[in-house]
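**Q** build me a model:
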Amino acid sequence: MIAPLALAATVAACSGDTLKGLGATPEAKPTAAGVGAAQTDVECPTIQVRNGASTWQTPAGVGTTDLKYQASLGQMARECAILGDTMTVKVGVEGRVLVGPKGTPGTIQVPLRLALVQEGPKPKSIWTKFYPIPVNIQQGQSGTPFTHVEDDLSFALPPDKDISAYVIYVGFDPQGLARQKHAPAKQKAAPKTAAKKQGPKTPPKQAPSPGGFAPPASGGFSPPANSGGGGFAPPPGQFTPPPKQE
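**A** Next up is the predicted model:
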């Protein structure tokens with residue numbers, strides 16, 4: 001029987017929570033002309049597990065005997081840097097996937113979502129990003145850890161630079177995975193077929209008519225002369241019978 005994993009989340013309150021424990025190496029931030037190097041000793045938004053999103057099971061709502069996989073979150077960390085009026089946050093998340101009685105080896109996608117929210121009477125979402133994390137389950141494994149590090153989460157600082165109400169939420173989002181599976185695939189435009197260049201049409205050759213009828217001479221198909229009654233009389237002498245052959 002697989003019991004739900006206890007959450008071992010680290011709720012960070014300052015930028016001292018580095019990503020080294022998650023196997024990530026902080027990268028040096030770029031220098032912008034006229035601004036100077038990015039400030040890294042700054043206060044970061046706090047990081048928390050979203051309420052009700054600390055575990056994920058598939059299939060959802062089944063008993064333990066029908067469970068394939070179960071995932072839970074563990075250690076979390078973040079680092080921040082300010083460049084001008086923009087703050088960039090690097091977030092690392094660690095978790096673990098357990099294999100249930102119906103689980104099989106292979107690669108599964110764990111639905112992870114990160115969101116930055118400005119809390120208050122009317123919470124405001126600053127950004128939210130969904131990540132289907134691939135986790136490979138080997139033959140005979142009862143569970144395996146996973147780690148995800150995202151280093152390009154940026155947002156504009158408020159005019160007063162006060163981000164004390166900003167919170168980075170981490171959690172599983174099964175609906176995000178379902179939306180991704182049912183998203184309509186982009187249809188590729190059919191390749192255009194190059195039109196074949198066609199030369200001037202050559203009139204078909206006329207085969208000799210039976211009985212010795214030769215093709216009419218050039219200009220032989222002129223419009224018939226206008227008769228007094230307005231009808232179209234045959235042109236004189238155009239269809240002369242061939243000479244009688246001995």
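**Q** count of neighbours near the residue nearest to residue 176 when sequence neighbours are not counted?
**A** Spatial nearest neighbour of residue 176, excluding adjacent residues (Cβ to Cβ, 6 or more residues apart in numbering): residue 130 at 4.1 Å. C-beta here means a position set from N, CA and C on the backbone, and glycine is covered the same way. Each residue near residue 130 was counted by other Cβ atoms under 10 Å, and the total is 15.
**Q** repeat that for the one 3 residues further on.
**A** Other residues near residue 133 come to 17 when the count uses other Cβ under 10 Å.
**Q** quick one: pLDDT of it?
**A** Residue 133 carries a pLDDT score of 96 in this model.
**Q** again, but for residue 22
**A** For residue 22, pLDDT reads 71.
**Q** now do the contacts for it.
**A** By Cβ atoms under 8 Å, 6 or more residues apart in numbering, the contact set of residue 22 is 75, 77, 92, 93, 94, 147, 149.
**Q** show me which of those residues is closest to residue 61.
**A** Within the contacts of residue 22, the smallest distance to residue 61 is 24.6 Å, found for residue 93 (Cβ to Cβ).
**Q** picking up where we left off before, are any of the contacts of residue 22 buried, and which?
**A** Neighbour-count burial (16 or more other Cβ atoms under 10 Å) is assigned, among the contacts of residue 22, to 75, 77, 92, 93, 94.
**Q** hang on, the earlier thing: inside helices: which ones of the contacts of residue 22?
**A** Per DSSP state H, helices hold no members of those.
**Q** ok now do the closest residue to residue 145 other than its chain neighbours, which residues does it touch?
**A** The shortest distance from residue 145 to any non-neighbouring residue, by Cβ to Cβ, 6+ apart, is to residue 96 (4.9 Å). Counting by Cβ under 8 Å, 6+ apart, residue 96 touches 5, 71, 72, 74, 143, 144, 145, 146.
**Q** tell me the mean pLDDT for the helix or strand harbouring the third one?
**A** Meaning residue 72. Assigned by DSSP states H and E, residue 72 belongs to strand 69-83. When pLDDT is averaged along strand 69-83, the result is 95.
**Q** export the strand or helix carrying the residue nearest to residue 176 as CSV, just CAs?
**A** Using DSSP H and E, residue 130 sits in strand 124-137. Extracted in CSV, the C-alpha atoms of strand 124-137 (Å, rounded to 0.1, in the frame of the first residue of the first chain):
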residue,chain,number,x,y,z
LYS,A,124,-3.3,39.6,-8.6
SER,A,125,-1.5,37.0,-10.8
ILE,A,126,1.8,38.4,-12.1
TRP,A,127,2.7,35.4,-14.1
THR,A,128,1.9,31.7,-14.2
LYS,A,129,3.8,28.9,-16.1
PHE,A,130,3.0,25.2,-16.6
TYR,A,131,5.8,22.6,-16.9
PRO,A,132,5.2,18.9,-17.9
ILE,A,133,8.2,17.4,-16.2
PRO,A,134,9.4,14.1,-17.8
VAL,A,135,10.2,11.5,-15.2
ASN,A,136,11.7,8.2,-16.3
ILE,A,137,10.6,5.1,-14.3
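**Q** what's across from residue 71 in the sheet?
**A** residue 56, residue 97 (DSSP bridges).
**Q** show me the contacts for the closest residue in space to residue 120 that isn't next to it in sequence.
**A** Excluding the flanking residues, the one nearest residue 120 by Cβ to Cβ, 6+ apart is residue 165, at 5.7 Å. Counting by Cβ under 8 Å, 6+ apart, residue 165 touches 118, 119, 120.
**Q** ok, the first one - contacts?
**A** Right, the one you point to is residue 118. Contacts of residue 118 (Cβ under 8 Å, 6+ apart): 124, 125, 126, 165, 166.
**Q** and with 7 Å instead?
**A** By Cβ atoms under 7 Å, 6 or more residues apart in numbering, the contact list for residue 118 reads 124, 126, 165, 166.
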